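[1] One predicted model, sequence on top.
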Amino acid sequence: MGALSGIKVLDLSRLLPGPYCSLMMADYGAEVIKIEEPGNGDYIRWRTPQIEGIGARHLTINRNKKSIELNLKTEEGKRIFKELAKDADVILESFRPGVMDRLGLGYDEISKINEGIVYCSLTGYGQTGPYKNLPGHDVNYIGYCGILGLIGEKNGKPVIPGVQIADIGGGALMALAGIMIALLHKEKTGKGQHVDVSMMDGAVTWLYAALSDYFASGRVPQRGNNRLDGHFACYYVYETKDGKYISVGANELKFWKRICELIGKPEWIELHEAPEEVQDQLKKDMAALFKERTQKEWLDLLAGEDTCVGPVNDIEQIFSDPQILERQMFMEMDHPVAGKIKQIGFPIKFSETPGEIKRHAPLLGEHTDNILANLGYTEEKIEELRENGVIGNGMRTKN
């Protein structure tokens, strides 16, 4: 029994942010039902690379969920959705503002039949404001909110991060937090509410350090000139003799002092927070020093000490990292079409209700008949719905 056992989630979201949020709920016990467009479903199903015709990202982001193909543009499809919503705890959708209202399935309508519903709308810019109907992706959200402008080297151009900051940190995890807070409120009062999550809003909150400094000084933070983005030699990335890199995060003096002692440069200790021109030269001197030994040689000397020094691993290397392996952040499971596949583990460890892989990422519409049967639909009625295009035919893969 997971911590969220008994929680029923209707997930209409697609691609990454919404499905990541519902994955977290599913992994910890919630019943998550993906409501998917007949024939197409969640677009991430067909993204390359694929394993046996199934998008690899779908296989990792949608495990532990069920799938029903349901045409919400039909009256019968809307009726079925409302039937499902009557005893649901959460609805998660990521359409542009107003889409669900136009379908007659928005929060105001659903709350009439289920006042306890927690209805989360996860969008790029939120349900209000001049940008609310604009399309966007992670690079746009972090561009608008100032994050992208802070990423990159001093005097260089902004650098697109290799992971989705706004999608996951500003969107999926904010939606998860909002849903959990609303469920707690529901437990106390019996009433649900509409949760409006903007990925750009969430990304803005990642600026606490930079904005706090700005509030105090009035100085606009510049790329490469801040404490944690390359201004100081003690918090930087250095190349080693073998073309690899190490990360140095000796932000506190005690860590910096230990590094200087171990590398035989005690005279550098007092330069920990020296002026900019000193830092620039110190970075050059440290860069030259680190090029004298291989990554392994430096890690053997520094990583086991109180230095805040570590490697810059590539994706392949993390599969052999002893800490990641000890924390079981990778595992395998069987899929009926894709075979044995790798999965990312559970990021939050619970002593009583740990995360668990219970089922594979669903085939499109895999649970349609079962879900409808549980609502009281007969086999004849289900076939009629299929013939009328209310539900889909289901499919194994799509080329």
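    All right, it came through fine.
[2] center of this structure - which residue?
    Nearest residue to the geometric centre of the chain (C-alpha atoms, centre = their mean): I168, 2.9 Å.
[3] Give me the pLDDT for that residue.
    On pLDDT, I168 comes in at 98.
[4] SS state for it?
    Under the three-state scheme (DSSP: H, G, I helix; E, B strand; the rest coil), I168 adopts helix.
[5] Just to check, it is in contact with P17?
    Yes - using C-beta atoms under 8 Å, I168 is in contact with P17, at 6.9 Å. Heads up, the C-betas are built off the backbone N, CA and C, glycines and all.
[6] coming back round to it: how about the contacts made by the residue nearest to the centre of the chain?
    16-17, 20 (C-beta atoms under 8 Å, 6 or more residues apart in numbering).
[7] One more: V248?
    233-238, 259, 286, 307-309.
[8] measure P17 to S121 for me?
    Distance of P17 to S121, given as C-beta to C-beta, to the nearest Å: 12 Å.
[9] what touches both of those two?
    By the contact definition C-beta under 8 Å, 6+ apart, P17 and S121 are jointly contacted by S94.
[10] quick check: longest helix of the chain.
    If you go by DSSP state H, the chain has its longest helix at helix 173-189.
[11] tell me which residues of that one are tucked away?
    By neighbour count with 16 or more other C-beta atoms under 10 Å, helix 173-189 contains the buried residues 173-176, 178-180, 182-183, 186.
[12] Could you tell me how far that helix lies from the centre of the chain?
    On the basis of C-alpha atoms, centre = their mean, to the nearest Å, helix 173-189 sits 18 Å off its chain's mean C-alpha point.
[13] Tell me which helix or strand comes right after that helix.
    Counting by DSSP states H and E, the next helix or strand C-terminal to helix 173-189 is strand 193-198.
[14] End to end on stretch 321-338, go ahead and measure it.
    Taking C-alpha to C-alpha, to the nearest Å as the measure, stretch 321-338 stretches 26 Å from start to finish.
[15] Please work out the average pLDDT along that stretch.
    Stretch 321-338 shows an average pLDDT of 96 in the prediction.
[16] what about the nearest residue to K244 once chain neighbours are set aside, neighbour count?
    Nearest non-adjacent residue to K244, counting by C-beta to C-beta, 6 or more residues apart in numbering: Q295, 3.9 Å away. Neighbourhood size, Q295 [other C-beta atoms under 10 Å]: 21.
[17] so what's Q295 up against?
    240-242, 244-246, 311.
[18] Repeat that for L375.
    Going by C-beta under 8 Å, 6+ apart, L375 touches 80, 83-84.
[19] How far off centre is stretch 295-308?
    The gap between where stretch 295-308 is centred and where its chain is centred comes out at 31 Å by C-alpha atoms, centre = their mean.
[20] Make JSON lines out of the buried residues of helix 173-189 and add distance to P161 and pLDDT.
    Shown next, in JSON lines, are these (distance: C-beta to C-beta, whole Å; pLDDT from 0 to 100):
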{"residue": "L173", "distance to P161": "16", "pLDDT": "98"}
{"residue": "M174", "distance to P161": "18", "pLDDT": "98"}
{"residue": "A175", "distance to P161": "20", "pLDDT": "98"}
{"residue": "L176", "distance to P161": "21", "pLDDT": "98"}
{"residue": "G178", "distance to P161": "24", "pLDDT": "98"}
{"residue": "I179", "distance to P161": "26", "pLDDT": "98"}
{"residue": "M180", "distance to P161": "26", "pLDDT": "98"}
{"residue": "A182", "distance to P161": "30", "pLDDT": "98"}
{"residue": "L183", "distance to P161": "31", "pLDDT": "98"}
{"residue": "K186", "distance to P161": "35", "pLDDT": "98"}
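[21] so which of the residues you listed comes closest to M329?
    Proximity of the buried residues of helix 173-189 to M329 (C-beta to C-beta) peaks at L173, which lies at 16.9 Å.
[22] Is it correct that the closest one is in contact with C21?
    Yes - with contact defined as C-beta under 8 Å, L173 and C21 form a contacting pair (7.4 Å).
[23] host element of I33?
    Assigned by DSSP H and E, I33 falls in strand 31-36.
[24] Just give the closest residue to the residue of the chain positioned farthest from its centre, not the sequence neighbours.
    What lies farthest from the middle of the chain is E267; by C-alpha atoms, centre = their mean that is 43.5 Å. What sits nearest to E267 in space, not counting adjacent residues and going by C-beta to C-beta, 6+ apart, is C260, at 7.9 Å.
[25] Which elements pack onto the helix or strand harbouring that neighbour?
    Assigned by DSSP H and E, C260 belongs to helix 253-262. Here helix 253-262 touches helix 295-302, going by 3 or more C-beta pairs under 8 Å, 6 or more residues apart in numbering; DSSP states H and E.
[26] And the next helix or strand past the helix it packs on?
    Sequence-wise, the next helix or strand downstream of helix 295-302 (DSSP H and E) is strand 309-311.
[27] in that next one, what's buried?
    309, 311.
[28] tell me the pLDDT at the residue lying closest to L385 once chain neighbours are set aside?
    With sequence-adjacent residues excluded and distances taken as C-beta to C-beta, 6+ apart, L385 is closest to I391, at 4.8 Å. I391 is assigned 97 on the pLDDT scale.
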